[in-house]
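*Asks:* just coords:
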């Protein structure tokens, strides 16, 4: 009997990419996807997969909180954290919420398959880069891309998403994505907390 897979991610390119990697994998059945935490929980009321690949950064709820809720309601489902962020504190929080594994979005097909097969055996799986992060001592340092730092500095200056988009010649949607990523990386609940932490860590002045 094939193992049932489900993915929660708000980027269709990620969903389609993982689907294309795994659709012909023997012993695995693709159940579908959700782009929001709410639609994931609604789906689970009707059907339960064996494994959920879950993005940490969702529009309506963090994947960390969603993971905890899924494990509370459906303890038999295995959750694998899926993220672009290779950050110690995020990996730790995801695992503390009940995830059985953590995989970066640049993972190969082999890594994804290995991750799924490992958690189904009730073992913990970290992709290679995530495993290296968990072993390092300096992992708590927050690393930003050049664009993320630019957006952060403009947020600190009090600029709106529209103003930032015009200044950097990018779309408002892209600004919103950077803003959400920054909140996740800094583990900040709001912009005030984000800016305060960034100044404390001397990332901005």
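*Replies:* All right, it came through fine. Small disclaimer: the values here were computed from a predicted structure and weren't measured.
*Asks:* for the residue most central in space within the chain, which non-adjacent residue is closest in space?
*Replies:* When Cα atoms, centre = their mean is applied to the chain, the residue found nearest the centroid is residue 56 (2.5 Å). Spatial nearest neighbour of residue 56, excluding adjacent residues (Cβ to Cβ, 6 or more residues apart in numbering): residue 63 at 3.9 Å. Every C-beta, even on glycine, is put in place using the N, C-alpha and C of the backbone.
*Asks:* also residue 184?
*Replies:* Excluding its sequence neighbours, the residue lying closest to residue 184 (Cβ to Cβ, 6+ apart) is residue 57, at 5.1 Å.
*Asks:* tell me if the one you found really is in a strand.
*Replies:* No: using DSSP: H, G, I helix; E, B strand; the rest coil, the assignment for residue 57 is coil, not a strand.
*Asks:* mind listing what it touches?
*Replies:* 10, 63, 83-85, 180-181, 184 (Cβ atoms under 8 Å, 6 or more residues apart in numbering).
*Asks:* now those residues in TSV, with secondary structure, neighbour count and pLDDT?
*Replies:* As requested, the contacts of residue 57 are exported to TSV (DSSP: H, G, I helix; E, B strand; the rest coil; neighbours: other Cβ atoms under 10 Å; pLDDT from 0 to 100):
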residue	secondary structure	neighbour count	pLDDT
10	coil	18	92
63	helix	28	93
83	strand	21	91
84	coil	15	89
85	coil	21	86
180	helix	15	89
181	helix	18	88
184	helix	20	87
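*Asks:* that older thread, wait, the residue nearest to residue 56 sits on residue 91?
*Replies:* No: using Cβ atoms under 8 Å, residue 63 is not in contact with residue 91; the gap is 11.8 Å.
*Asks:* ok, how many other residues are close to residue 33?
*Replies:* A count of nearby residues for residue 33, using other Cβ atoms under 10 Å, gives 22.
*Asks:* residues in contact with it?
*Replies:* 6-9, 15, 19.
*Asks:* selecting buried members of the residues you listed in ChimeraX, what would you type?
*Replies:* Of those, the buried ones can be selected in ChimeraX as follows, counting by 16 or more other Cβ atoms under 10 Å:
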select :6,7,8,9,15
